[in-house]
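Visitor: give the three-dimensional model of this entry:
(one chain, ligands or ions: 2)
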Amino acid sequence: MAFVTRFAPSPTGPLHLGHAYSALLAHDMAQATGGTFLLRIEDIDRTRSRQQWEAQILDDLRWLGLHWPEPVRRQSDHIADYEAALQRLWAKGLLYPCTCNRRDIAAAAAAPQEGAPMIGPDGLIYPGTCRPDTPPTGAIPDGSALRLDMNRALQQLDENVVFAETGSGPEGQTGAIAASAATLIDHVGDVVLSRREFPASYHLSVVVDDAAQGITDVVRGNDLFSATAIHVVLQRLLGLSTPRYHHHRLIRDDAGKRLAKRDDARAIATYRAEGATPDDIRRLVNLPPLHLAG
Ligand code: GLU
Ligand code: ZN
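Guide: Ligands and ions are numbered 1, 2, ... in the order given. Got it, this is the predicted structure:
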């Protein structure tokens, strides 16, 4: 069966050891099955994305021995695709404009709600301040963020939110993973699908792009495991098929902390400058040498 996967870095900092592991693992899994490894540049964050980081990331990936079919998909080139997806969801009455800023949401979410968790896979769980009782009509208004009405969305789905996990989540979750409506409403909530500055959010663009690139197997860090249910909801609403997911462990620093973008000590560029070889990088993340990986 065809195996098509991708590595999808955001060009907002250097490629570090954690990213390299993700890219190498996806590449090795594709090689092992005679599949395809694709690259995608996730540059929808226009304030933090830099051309110079993109160039450095591509250079580091090539140095690691990875190759991929051209052209590379760059999200900023596909605004029309995201707008089309938003139009479909808007026409179904599932989106609403939200004018809250972070401070408004924090203030409203801080109101005591017994037992309700505050942080979900999309950050603070939106308290619903701007959610209308009936779906908005007319054209999508310019210049405001759009949120998904999660409750209404789930009412429109006639299938369960399930996906196949071939790796494992942070708590070892594997196999068939199901998310209940209650979990999605209370622990995820009305996620942002379009931002004031760019007509897509991470969740929307990743779903549109995985479908556009024909991805059969998503390989990525288990920090994104809990976001996957959101992606499955969007796939169902947009009539897109759900790939298999393979979430992998995160590479941590010596103190056990997750590597951050600013962690320059773990930047691949730093290892390169110090004379490391690509197989040294593979050894550091416990992957077999390149010739064994194919
Ligand atoms: N662009 C995301 C990141 O750099 C990865 C998204 C994904 O693999 O779904 O964290
Ligand atoms: Zn709002």
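
Visitor: is it true that residue 132 touches residue 95?
Guide: No - Residue 132 lies out of contact with residue 95 (CB atoms under 8 Å); the separation is 10.3 Å. Where C-beta positions appear, they are placed from N, C-alpha and C, glycine not excepted.

Visitor: looking only at neighbour counts, state which of these two leads.
Guide: Higher neighbour count among residue 132 and residue 95: residue 95, with 25 against 11, using other CB atoms under 10 Å.

Visitor: and residue 249, how far from ligand 2?
Guide: For residue 249, the distance to ligand 2 (CB to the ion, to the nearest Å) stands at 36 Å.

Visitor: list the contacts for that residue?
Guide: 221-222 (CB atoms under 8 Å, 6 or more residues apart in numbering).

Visitor: cutoff 7 Å now
Guide: residue 222 (CB atoms under 7 Å, 6 or more residues apart in numbering).

Visitor: and it, its phi and psi?
Guide: The phi and psi torsions at residue 249 (degrees, to the nearest 10) take the values phi -60, psi 160.

Visitor: apart from its chain neighbours, what residue comes closest to residue 27?
Guide: residue 37 (4.6 Å; CB to CB, 6 or more residues apart in numbering).

Visitor: again, but for residue 213
Guide: That would be residue 38: by CB to CB, 6+ apart, it lies 5.5 Å from residue 213.

Visitor: state whether that neighbour is indeed within a strand.
Guide: Yes - counting by DSSP: H, G, I helix; E, B strand; the rest coil, residue 38 is found in a strand.

Visitor: count of neighbours near it?
Guide: 21.

Visitor: give me the contact list for stretch 175-183.
Guide: Counting by CB under 7 Å, 6+ apart, 154, 160-165, 229 sit against stretch 175-183.

Visitor: hey, C-alpha coordinates of that stretch in PDB?
Guide: Taking C-alpha atoms only, stretch 175-183 is exported to PDB below (Å, rounded to 0.1, in the frame of the first residue of the first chain):
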ATOM      1  CA  GLY A 175      -4.200   1.700  18.000                       C
ATOM      2  CA  ALA A 176      -7.700   3.000  17.400                       C
ATOM      3  CA  ILE A 177      -8.100   6.400  19.100                       C
ATOM      4  CA  ALA A 178     -11.500   7.900  19.700                       C
ATOM      5  CA  ALA A 179     -12.400  11.300  20.900                       C
ATOM      6  CA  SER A 180     -15.900  11.800  22.500                       C
ATOM      7  CA  ALA A 181     -18.100  14.800  21.800                       C
ATOM      8  CA  ALA A 182     -17.800  15.700  25.500                       C
ATOM      9  CA  THR A 183     -14.000  15.700  25.300                       C
END
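
Visitor: which residues belonging to it are considered buried?
Guide: Neighbour counts over stretch 175-183 (16 or more other CB atoms under 10 Å) mark 177, 179 as buried.

Visitor: please apply the same query to stretch 190-197.
Guide: 190-195.

Visitor: that one near ligand 2 at all?
Guide: No - using CB under 5 Å from the ion, stretch 190-197 stays clear of ligand 2, with a minimum separation of 8.7 Å.

Visitor: average pLDDT across that stretch?
Guide: For stretch 190-197, the mean per-residue pLDDT is 95.

Visitor: what's the answer for stretch 139-147, then?
Guide: 93.

Visitor: equivalent analysis for stretch 42-50, please.
Guide: In the prediction, stretch 42-50 has an average pLDDT of 95.

Visitor: tabulate the CA atom coordinates of it in PDB.
Guide: Extracted C-alpha coordinates of stretch 42-50, given in PDB (Å, rounded to 0.1, in the frame of the first residue of the first chain):
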ATOM      1  CA  GLU A  42       4.500  25.900   7.300                       C
ATOM      2  CA  ASP A  43       5.000  29.600   7.000                       C
ATOM      3  CA  ILE A  44       1.500  31.000   7.900                       C
ATOM      4  CA  ASP A  45       2.900  32.800  10.900                       C
ATOM      5  CA  ARG A  46       4.000  35.800   8.800                       C
ATOM      6  CA  THR A  47       5.500  37.700  11.700                       C
ATOM      7  CA  ARG A  48       7.900  34.900  12.800                       C
ATOM      8  CA  SER A  49       8.700  33.200   9.500                       C
ATOM      9  CA  ARG A  50      11.900  34.100   7.800                       C
END
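
Visitor: how far does it sit from its chain's centre?
Guide: 14 Å (CA atoms, centre = their mean, to the nearest Å).

Visitor: again with stretch 145-157
Guide: 19 Å.

Visitor: can you tell me what sits against it?
Guide: So stretch 145-157 is contacted by 86, 89, 92-98, 126, 131, 181, 184-185, 188-196, 233, 236-237 (CB under 7 Å, 6+ apart).
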